[in-house]
Structures are given as structure tokens and as C-alpha cells.
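*Asks:* Just a sequence and a predicted model for now, questions to come.
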Amino acid sequence: AKKGVHTALAMSMTVTVVISAAVILFAPYLVEFFNHSEGVVAFGTMFLKWLTPFYVTCCINQIYTGALRGAGDSRAPMFIMLGSFVVFRQIYLFAMSRVANQIIPIAMSYPAGWMLCSVLTLLYYIFDLVGFIPAYSQEQIVNVVMMVVQILSFIGIVTDPTTKGIKDSEQAQGYEKPNE
């Protein structure tokens with residue numbers, strides 16, 4: 001099984017590097033395929049050139065989480081991915097929007113989440129191979145997730161973006177049924 005994981009990782013990384021090189025090389029033309037506006041092409045090209053090199057980290061995420069799921073451990077990869085792609089990314093975006101309110105640091109939330117997921121998944125996979133994963137119950141996991149959501153809500157990361165502060169608007173509090 002380990003050989004299959006290594007082979008799949010090598011194959012996926014090779015294909016990803018080749019496709020990424022083509023995307024970076026032809027970025028302006030790829031963006032122009034969807035929109036001919038000079039500004040859109042410039043920003044789209046910039047995004048592709050910044051984000052594309054990090055797609056190789058998705059290979060680690062997908063191959064190792066697939067191996068873990070295939071070995072019967074679907075819970076840990078799910079929580080690692082949710083934590084990296086949702087929780088971490090929201091915290092990252094919250095911080096970047098206040099510290100460096102510029103487009104590139106904010107756009108880098110995707111690669112930052114991919115890299116964190118890669119590191120955590122790889123560590124978990126290695127620890128699992130050597131038998132160093134502690135047992136945990138579903139109730140413990142639910143408690144930790146609820147605590148994280150409550151903390152994020154308390155500090156203002158998880159809020160209703162349509163209202164000021166963390167309370168629902170007067171209109172939202174008075175809903176009897178959804179608007180048609």
C-alpha cells in the first residue's frame with residue numbers, strides 16, 4: 001500500500017507540475033478566453049501566476065487523505081481538511097483583511113490552507129504508520145468543534161456579514177417565514 005501511495009503521489013505531482021507550467025506560461029491567454037478586458041486579464045494573470053505553483057500541495061492532500069480513507073480512517077482527514085480549508089482560512093482572511101488589506105495576501109488564503117492541510121495530513125499519515133495516533137471519541141470531536149465555532153463567533157470571525165456586529169438585524173429577528 002505504501003508503494004501505491006508513493007507512486008500515486010509521484011504521478012499526480014508530475015502531471016500537476018506540467019499543467020501548472022503550461023498555465024503559468026499561457027496565463028494571459030487563458031484569462032482572455034473568458035474576458036477580454038485589459039484589467040481583468042492583468043489581474044487574472046497575476047492570480048494564476050501567484051496561485052498555480054501551490055497546486056502541487058493539493059497532491060499531498062488528496063493522495064494521503066485517500067490512503068487514510070482507504071485504510072478505514074475517514075474521520076481524521078475530514079477534520080484536517082475542514083480545519084485547514086474552512087476554520088484556518090477564515091482566521092487567515094480575518095487577520096489579512098485587517099493587517100494587509102491587499103489582494104495578493106488575501107488571495108494567498110487558498111495556498112495557505114492547502115499548505116497547512118498538506119503538513120497536517122502528512123504528519124498524521126506518518127504518525128499513523130508508526131502507531132502514534134491517540135484514540136478519540138465522536139463526543140470529544142464534537143465538543144472541540146463546538147468550542148472552536150464559539151470562540152470564532154465570540155471574537156467576530158464567524159458573523160453575519162450583512163449586519164454590523166454579531167447580532168442579527170431587526171429585520172432578521174422579525175422573520176416569520178423566508179421571503180419568496
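*Replies:* Noted; the coordinates are in hand.

*Asks:* quick one: buried residues of the lengthiest helix in the chain?
*Replies:* Of all segments of type helix in the chain, defined using DSSP state H, the longest is helix 2-25. By neighbour count with 16 or more other C-beta atoms under 10 Å, helix 2-25 contains the buried residues Val5, Ala8, Leu9, Ser12, Met13, Thr16, Ser20, Val23, Ile24. C-betas here are computed from N, CA, C, even on glycine.

*Asks:* just the residues you listed now: which is nearest Leu30?
*Replies:* Top of the list for closeness to Leu30, among the buried residues of helix 2-25 and by C-beta to C-beta, is Val23 at 6.5 Å.

*Asks:* If we ignore the residues flanking it in sequence, what's nearest the closest one?
*Replies:* Thr52 (5.0 Å; C-beta to C-beta, 6 or more residues apart in numbering).

*Asks:* Tell me where the model's unsure across this structure.
*Replies:* 1, 138, 158-180 (pLDDT under 70).

*Asks:* Please enumerate the helices of the protein.
*Replies:* Going by DSSP H, the chain shows helices at 2-25, 27-32, 38-51, 56-70, 75-82, 89-99, 103-107, 109-129, 138-154, 170-173.
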